[in-house]
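S.K.: give me coordinates for this.
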Amino acid sequence: MELVNAEKNLRKRKLISLVLKAGVWLCGIMTVGILIFILLFILLRGVPNINMEFLFGTYNSDTLSAFSSIVTTFEMILISLLVAVPIGVFCAIYLTEYAKRGNKAVKVIRLAVDTLAGIPSIVYGLFGMILFVNILGFRASVLSGICTVSIMILPVIISSSEEAIKSVPDMYREGSLGLGATRLGTVFRIVVPTAMPGILSGVILAIGRIVGETAALIFTSGTNVLESPTLDLFASQRTLAIHMYMLASEGLPHSKDMAFATGAILILVVFLVNLATTKLAGRLGRLGNDK
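M.R.: Below you'll find the predicted structure:
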């Protein structure tokens, strides 16, 4: 009797395991399928409309060129990361390596990070418009957009950097300190290089948010489009995401086709940036392991 009950329980567990495994596979296939569907839907409608005038020409009602928006997007990515990444990484280093447990400052910083992560982007846009555009006098410009986006991506960078630094084994720190290295030297020569792949993972997420942001940038960087690109940070200029939104809402005969073309370029930009960052993370990870 006990043997029969044991066999029944074993069959039941196998059946439950099989159902759960099938559910996991189904969810994975659905996720990949949705991604492929979205990519094909945009690329098949957008790629045929991409031409040299659209990529590198001057903006007018005929070409609706995205050249200046492409330059502005890369400009915003680069400068925003240069501002936010050092602040975020240093904050994560303080939280993990220097702050004492139960410190009130740590609680305040973590509360601030969690609050920043939960604020809608439209609120960031209103904040940026009031502070950077009106009070500081930056006007609706690329600089106002960069300042706003830099604040937006801080929670992502801080959280990912903190988890990456926490994952570094304590024996690395103990070995470095035992060999006579200072605490600061241990952090920047041992801990940070080892945690760099995880830190760059947060950077990839931050890049995705910068590239896809529209609500906050409409209030801060504006919706103007220049005929040719400029590196003037005080110029009002739209990014690729805003360019796609504006084209989709315009009434020109070919504006919706060009909106899909902009979406295809946006996907390609995100893919190339993420690929480059992932390759860099892998190389830095190997260098950290060699050390």
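S.K.: poorly predicted segments of the stretch 51-200 of the chain, please.
M.R.: Low-confidence segments of the stretch 51-200 of the chain (pLDDT under 70): 102.
S.K.: buried set for stretch 62-76?
M.R.: Using 16 or more other Cβ atoms under 10 Å as the burial criterion, the residues of stretch 62-76 that qualify are 63-76. For every residue, glycine as well, the C-beta is placed using N, CA and C.
S.K.: if I look at Ile77, how far off is Ser228?
M.R.: Computed as Cβ to Cβ, to the nearest Å, the Ile77 to Ser228 distance reads 20 Å.
S.K.: got it, and Ile130?
M.R.: Ile130 sits 31 Å away from Ser228, going by Cβ to Cβ.
S.K.: domain parsing of the protein, as residue ranges.
M.R.: According to automatic domain parsing, the chain comprises the domains 2-49, 52-290.
S.K.: more neighbours, Ile77 and Ser228?
M.R.: Higher neighbour count among Ile77 and Ser228: Ile77, with 19 against 12, using other Cβ atoms under 10 Å.
S.K.: is it true that that one touches Ile210?
M.R.: Yes: counting by Cβ atoms under 8 Å, Ile77 touches Ile210, with 5.3 Å between them.
S.K.: now do the phi/psi pair for the spatially most central residue of the chain.
M.R.: The residue lying closest to the centre of the chain (Cα atoms, centre = their mean) is Ala206, at 2.2 Å. Backbone torsions of Ala206, given as degrees, to the nearest 10, read phi -60, psi -40.
S.K.: go on, the one 10 residues further on?
M.R.: Ala216 has phi and psi values of phi -70, psi -40 when expressed as degrees, to the nearest 10.
S.K.: do the one 5 residues further on as well
M.R.: Geometry field for Ser221 lists phi and psi as phi -90, psi -20, criterion degrees, to the nearest 10.
S.K.: contacting residues for the residue nearest to the centre of the chain?
M.R.: Contact analysis of Ala206 by Cβ atoms under 8 Å, 6 or more residues apart in numbering lists 80-81, 84-85, 153, 156-157.
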